[in-house]
Every structure is written in structure tokens, then in C-alpha cells.
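1. Need the 3D shape of this:
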Amino acid sequence: MSRTLANRLFIALQHLIPQRWLSERMYRLARLQWPPLKRLIIRRFARTYRIDMSLAQEPDLDAYPSFNAFFTRALRPDARPLDPDPAAILCPVDGAISQIGPIESGRLIQAKGRDYSVESLLALAPGELHPFEGGRFATIYLSPRDYHRIHMPLDGRLDQMIHVPGRLFSVNAVTAAGVPNLFARNERLVCRFETEIGPVAMILVGAIFVGGIETVWAGEVTPPHSGLEPQRWDYEVDDQCIRLERGAEMGRFNLGSTVILLLPPGQAEWESGLTPGDVVRLGQRIGTRLDAKAAGHGH
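-> Residues are numbered from 1 along each chain as shown. The predicted structure follows:
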């Protein structure tokens, strides 16, 4: 069978399978605490994906009460040092760059020859404006072997969170190339922050078997995979407002997917040389604040 035909069959299967039902079953399986079963699942997964447990805060596989606890494991404090330059925009996750570049004419690149709109990604109402035109985006894919907590690229104050119900297509190079508007169709959580460079958005995209997306301020947002309309939370600017420091954890996935980072225009640039396929790590510099660079604080 040719690779092209195999890819077409894989995409066709994505449309046919009961995505939500399968994801809900995986959610339950990942939280089972029966020792023989959870031990078998964890050990087989760690062996298959060659997980380096020396980086984990708890290196003993048997110490985790469930597969989900293992999958969302914390790393040692020294495992992912943060770039010390305050002008650096940090990578928010471990993963690989799927696409990176400018936001032009309200469009983001999904794959070669395929793009989609910022409005659809952010689930904006018709005519609703956004602050990212002319800015920059980075799409970072998390594989099953990666660390699955998401951290802040900059100091930020939470302005808004939107849970967008949607499909649960698998997210990988094949579906990115073959499923139109993939990231704007899948279930996702849109988190918008006010930062020192202005508004920044982090979009946590769900996928098949991603049975849970959660944040540090709201806990588990999904599941349930229910409802047809987006749910929106606006956060007040007061003494109780939610502020997160650069490098602090902001959320996590159960099973892998994708984080999309949006930056405003004229405020930052990506590191030169970053291209699709590059492996990146939490805490490394992936961009630079232009205000700091102009002031002589960049590298």
C-alpha cells in the first residue's frame, strides 16, 4: 500500500470512528487504580516510548497511583532550566514545532498549502476583533513521550478563558495536511493573557484520546465533552486576579496534543532558524521581546 493511500485511509477512519466515545473510555482507563492493570499499562508505555524517568520528580514507575498520574508527572526542578534573560520568550512545553511564522491576512499556516483563520481558532463571534493581526504564531506538537504540563512563556495576567467544543481528530502531520481547519475544528481551550508585550493567547488543542484538559486556576475543564456552544469566562482585574509568573505551570493534557501560541504585532520575534520539525524544550528561548532588545537587553 502506498503512503498516500494509507494516509487517505487514516483520515477517512478519523471521520468514521466514535471520537468522543473512545476518548471517554480512554479517560476512564487512564484513571483506574487497580495495581496489576495500571502497573502493566505504565510499564509498557514507558518502555514503548523510552521515557527517561531520571528527569521525573518521582522516578519510580510503581509510585504512580494511575496511568494519568504517571502521564502528567512532574519533572525535577532542575530538569528544564529557564532561559535567564528577561527578554527571552520561553517555550511553554516540550515538543516539536509543527509550524511557526507570522500571522498574515488573519491566517495561520496549518501545513504546506493549507491555512486557517485566527477568528475560527479563537472562536470569535462574527465581526469580533482580535489583537493578533500581523503578529506571530507557533504551533507545538506534544508526542506521547513528552512532558505534558504547559507553562507560561512570559509573566501574565489571565483575561479570558474559552472552552470550545468540537471534534477530536488525531493531531499529527498526516491530519494537519489532510483535515481542513484541523485546529479550529477540534475541541480546545483558549486562554488569553495580558503580558509585558501586550495580549498573548495560548490555545490548548484536544485530540483523540485526550481525555482531559485542565488549568491551574479552574481545574479540569474537559471532560465532559458536551455542549455545542463555546463557554466563556472573563476574569476581573482586581486584587484577586490570576497572575502567573514566566515559567509557571498553567495547565496540562491527559495524553498528547498541541499548543498554539499567539503573540501581538510589533512586540516580539521568533529565534532565527526555528523551523517545522525542530525539537524544543520547556524553558528554552524561542523568541525575544523587541522592547527589551531595542533597549539592549536582548542577546
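
2. Can I get stretch 137-148 in CSV, CA atoms only?
-> Output of stretch 137-148 as CSV, limited to C-alpha atoms (Å, rounded to 0.1, in the frame of the first residue of the first chain):
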residue,chain,number,x,y,z
PHE,A,137,2.3,32.2,15.9
ALA,A,138,3.9,29.0,16.9
THR,A,139,2.3,25.6,16.8
ILE,A,140,4.0,23.0,19.0
TYR,A,141,3.1,19.3,18.9
LEU,A,142,3.5,17.1,22.1
SER,A,143,4.2,13.5,21.4
PRO,A,144,3.2,10.7,23.8
ARG,A,145,6.7,10.6,25.3
ASP,A,146,6.9,14.3,26.1
TYR,A,147,6.3,16.1,29.4
HIS,A,148,2.6,17.1,29.3
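
3. Give me the distance between that stretch and the centre of its chain.
-> The chain centre lies 6 Å from the centre of stretch 137-148; the measure is CA atoms, centre = their mean, to the nearest Å.

4. and that stretch, what's its mean pLDDT?
-> Average pLDDT, stretch 137-148: 94.

5. Please identify the helix or strand for Arg232.
-> strand 231-234 (DSSP states H and E).

6. Any chance you could list what contacts that strand?
-> With contacts defined as CB atoms under 8 Å, 6 or more residues apart in numbering, strand 231-234 is touched by 159-163, 218. Backbone N, C-alpha and C define where each C-beta goes, glycine included.

7. hmm, try it at 10 Å
-> Contacts with strand 231-234, where a contact means CB atoms under 10 Å, 6 or more residues apart in numbering, come from 123, 158-165, 189-192, 217-218, 221-222.

8. Please, where are all the strands along the stretch 1-150 of the chain?
-> For the stretch 1-150 of the chain, applying DSSP state E, counting those that start in this stretch gives strands covering 88-90, 95-102, 107-111, 114-117, 136-141, 149-151.

9. Let's see the strand holding Arg232 as PDB, backbone CA atoms only.
-> C-alpha atoms of strand 231-234 as PDB (Å, rounded to 0.1, in the frame of the first residue of the first chain):
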ATOM      1  CA  GLN A 231     -18.300  28.700  27.200                       C
ATOM      2  CA  ARG A 232     -16.500  31.900  28.100                       C
ATOM      3  CA  TRP A 233     -15.100  33.100  31.400                       C
ATOM      4  CA  ASP A 234     -13.900  36.700  31.700                       C
END
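
10. That one: which residues count as buried?
-> The neighbour-count criterion (16 or more other CB atoms under 10 Å) identifies no buried residues in strand 231-234.

11. After that strand, which helix or strand is next? Please name it.
-> Later in the chain than strand 231-234, the nearest helix or strand by DSSP H and E is strand 243-244.

12. average model confidence for the following helix or strand past that following strand?
-> Per DSSP H and E, the first helix or strand lying C-terminal to strand 243-244 is strand 249-254. Average pLDDT, strand 249-254: 92.

13. cool, stretch 105-120 as well?
-> Average pLDDT, stretch 105-120: 92.

14. same question, stretch 170-190
-> For stretch 170-190, the mean confidence score works out to 88.
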